[in-house]
Structure formats: C-alpha cells, structure tokens
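Participant: Got a predicted structure plus its sequence, pasted below:
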Amino acid sequence: MKKRRKIKLNFRWFFKIVRSIMKIFKKKPIIYNLNAEELEKNAIIISNHSAASGPLTISLYFPLFFTPWGTYEMTERYRKRWQYLYHIFYRQKLGYNKFKSFLLATLFGIISKALYKGMQLIPTYTDLRLKNTLKISKSYLDKKSAILIFPEDSNSGYHEVLLKYNPGFVHLSAYYYKRTKVDLPIYPIYFHKKSNSLIIGEKEYLQPLFKKGLDKYQIADHFKTITNDLSVQLFNRNRMQTVK
C-alpha cells in the first residue's frame, strides 16, 4: 500500500491576493525617510502599533520586504485565534464593545491563519520558546529579509505617545551578533493613523549602546524615546505640508 504524500500548502498566493485587494481600499501613506542612503535589507524594523492600523499599512506600503513577528496565538487553531482576538485584541487593547469584538473576531479569525502563513509570520512567546523565535528569525535574516517587530507594551491599550517598549528586538539583535558578528541596523519608525503618514528614523546599532553600559531594558527605552521623538517630527512635517 502506497503511503499518501503529505502536501504542504503555500499560502503566499492568498496573501498576495488579499494585499492587492486591500490596496484598493487603503490609501498609501505619506512616507518620510530620514536615511540618506537606501534601506538595508538585512535589518530589524521596530514600529509603534497605532491600534489596528499600523501593521496593515506597513505590510501594504513599507518600502522594504520584511518578515513580521506576531503573537503565537495567531498561528494556533481557530478557537485559540478567536479567543485572543475577542478577549485580548479587540476587547482589552482596542476597547471595542462585545458585539463589534465578536463580529470582527469571528470574521477575521476565519482568514487570519492563511493570511499570516502567507506573510510567513514568526510566532513570538514570553517564555523559553522565544529561543525558537530567534532561530527562525536568524534564518530569515540570513536570507537578507528584514524582521519587523512591534515592541510596544500594549497591556493598557495603544497610545500615540508610547509608554514602554519590550526588549524582544534587543534579544534578537544580540542573538544574531553573537552568532554572526554582524551588528544589525535597527530602523525605528512611527505611523500615525489620523494623518496617514509614516516616518522612518535613521538607523542605529546595538553594540555601541552595550559598550556605553546600557542593559536591554535601557536600550528598549532608548528606542522608545527615539520613536516618540519621531512622532513629533512627523507632526511638524505634516503641519509644514498643510501650510504649503
């Protein structure tokens, strides 16, 4: 009796179709790039979340191919995804009412797994399984794919002025440096939903900050401050455009 060959499904086509459709409805943001040279492909990108708008807009229009980090619940079975979407994302973080949260969790829960597989989402954890996240991330970085991370602490929701950055991106940069001796450029970016605009800050490197004596939490706070400063620059640039 012949063994049935297991077929691996490729969801890249699904993501491409959804991406093309979303571009029809989602207007391209104004993008300000503070880097004089072209963005490096082998890099870490860190961004604010801007509620549900940041990940969507960045995935559609950011001028660099990347592979995103995302919470592991969104790579699990439907029930697990639905519970996370309803209880954590829509109710706790976005503050939606029960009906709206139920409707969105039910609908998005249906397509989310295929969508995230198409994006090649890397699942993240808050326990020892983070090591596996770092290994997978390294494999993508080795192929010159940037890694996108949303380090914002969103336990109290999403804020225009960021309160705290978690140090997961610091762990990744240190992990990669330890194994390759390559200090990855880190691009901080800030997206503002209301003005539909995005600013890409100048790249920074981790090793000089370690040499100054900063620990991972201080480095995360350093980048949080940079990102908040970018929000001010973005506001000023948009105001100047309005005046013109």
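Facilitator: In hand now; what should we look at?
Participant: neighbours of Glu40, just the number please.
Facilitator: Neighbourhood size, Glu40 [other C-beta atoms under 10 Å]: 14. Using the backbone N, CA and C atoms, a C-beta is placed for each residue, glycine as well.
Participant: Identify the residues contacting it.
Facilitator: If you count contacts by C-beta atoms under 8 Å, 6 or more residues apart in numbering, Glu40 has them with 146, 185, 203.
Participant: same question, Tyr175
Facilitator: Per C-beta under 8 Å, 6+ apart, neighbours of Tyr175: 134, 137-138.
Participant: Flag every buried residue along the helix or strand where it lies.
Facilitator: Using DSSP states H and E, Tyr175 maps to helix 168-180. Under the neighbour-count criterion of 16 or more other C-beta atoms under 10 Å, helix 168-180 has 168-177 buried.
Participant: cool, stretch 99-117 as well?
Facilitator: So for stretch 99-117, counting by 16+ other C-beta under 10 Å, buried means 101-102, 104-105, 108-109, 112-113, 115-117.
Participant: got it, and stretch 230-244?
Facilitator: 230-231, 234-235, 238.
Participant: Can you tell me which of those is nearest Leu94?
Facilitator: Ser231 (19.6 Å; C-beta to C-beta).
Participant: so how far is Leu172 from the closest one?
Facilitator: 24 Å (C-beta to C-beta, to the nearest Å).
Participant: and the longest helix for the protein?
Facilitator: helix 216-243 (DSSP state H).
Participant: is it true that Gly109 touches Tyr78?
Facilitator: Yes: with contact defined as C-beta atoms under 8 Å, Gly109 reaches Tyr78; the gap is 5.7 Å.
Participant: Quick one: low-confidence residue ranges for this protein.
Facilitator: Within the chain, the segments meeting pLDDT under 70 span 1-11, 241-244.
Participant: residue boundaries of the strands in it?
Facilitator: 30-33, 44-47, 66-71, 122-124, 146-149, 186-192, 197-200 (DSSP state E).
Participant: With mean neighbour count added, can I get the ones you listed in a markdown table?
Facilitator: Formatted as a markdown table, these follow (neighbours: other C-beta atoms under 10 Å):
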| stretch | mean neighbour count |
| --- | --- |
| strand 30-33 | 16 |
| strand 44-47 | 25 |
| strand 66-71 | 19 |
| strand 122-124 | 22 |
| strand 146-149 | 24 |
| strand 186-192 | 25 |
| strand 197-200 | 22 |
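Participant: need these in a markdown table with distance to Phe15, can you?
Facilitator: Supplementary listing: the strands of the chain in a markdown table, determined by distance: least, C-beta to C-beta, whole Å:
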| stretch | distance to Phe15 |
| --- | --- |
| strand 30-33 | 21 |
| strand 44-47 | 18 |
| strand 66-71 | 11 |
| strand 122-124 | 15 |
| strand 146-149 | 14 |
| strand 186-192 | 20 |
| strand 197-200 | 21 |
